[in-house]
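*Asks:* Here you go, sequence then predicted model.
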Amino acid sequence: MSPDERIARYLNQVCRHLFWPPYRARIRRELTDHILSHVEYLEQDRGDTHEQAVSTALRSMGDPDELGEQLRYARFPVSYLFCLFLTFLIWAAIAGCLTYLLSYFLF
C-alpha cells in the first residue's frame, strides 16, 4: 500500500465517526495538512524516507477510531444536545400554554 493510500485510509477511518458533512470536510482538510506538515518535517529535518515519515506521522496521530470519537464529542457534546432538547421542551410548553390561553379566551 502506498503512503498516500495509507493517509487516505487513516483519514477515512477518522471521518467515518463524523456525521455532519461540512464538519467532516473541514476536519479532513485540517488533518491532511497536519499529517503532510509532519511528514515534510520528518523528511527534511530527520532525513527519513517518505514511507518512514508517513508511518511515524500516522503513529503520532494515534488511533483513528479514538480520534474520530473525540472529534465527534468535541463538536457535539452530550451536554450540548441535552441543553438543546431541554430548550425545545421549554418552547413547546410555552407554545402549548399560549394555545390553551388563546382557545380559552376566544371560545
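*Replies:* Nice, I can see it. Residues are numbered from 1 along each chain as shown.
*Asks:* From now on I want contacts and neighbour counts done on CA atoms only, so please keep to that.
*Replies:* Noted.
*Asks:* Relative to Cys15, how far out is Ala8?
*Replies:* Taking Cα to Cα, to the nearest Å as the measure, Ala8 falls 10 Å from Cys15.
*Asks:* So which of the two has more stuff around it?
*Replies:* Here Ala8 and Cys15 are compared on neighbour count by other Cα atoms under 10 Å; more neighbours surround Cys15, at 24 against 14.
*Asks:* any idea how far that one is from Leu106?
*Replies:* Counting by Cα to Cα, the gap between Cys15 and Leu106 amounts to 54 Å.
*Asks:* so where's the chain uncertain?
*Replies:* 77 (pLDDT under 70).
*Asks:* Of all the helix elements in this protein, which one is longest?
*Replies:* Among the elements of the chain assigned as helix by DSSP state H, the one spanning the most residues is helix 78-106.
*Asks:* other SSEs contacting it?
*Replies:* Other helices and strands packing on helix 78-106, by 3 or more Cα pairs under 8 Å, 6 or more residues apart in numbering; DSSP states H and E, are absent; none qualifies.
*Asks:* Please state the offset of that helix from the chain centre?
*Replies:* Relative to the chain's own centre, helix 78-106 is displaced by 31 Å; criterion: Cα atoms, centre = their mean, to the nearest Å.
*Asks:* what comes up buried for that helix?
*Replies:* Buried residues in helix 78-106, counting neighbours by 16 or more other Cα atoms under 10 Å, are absent.
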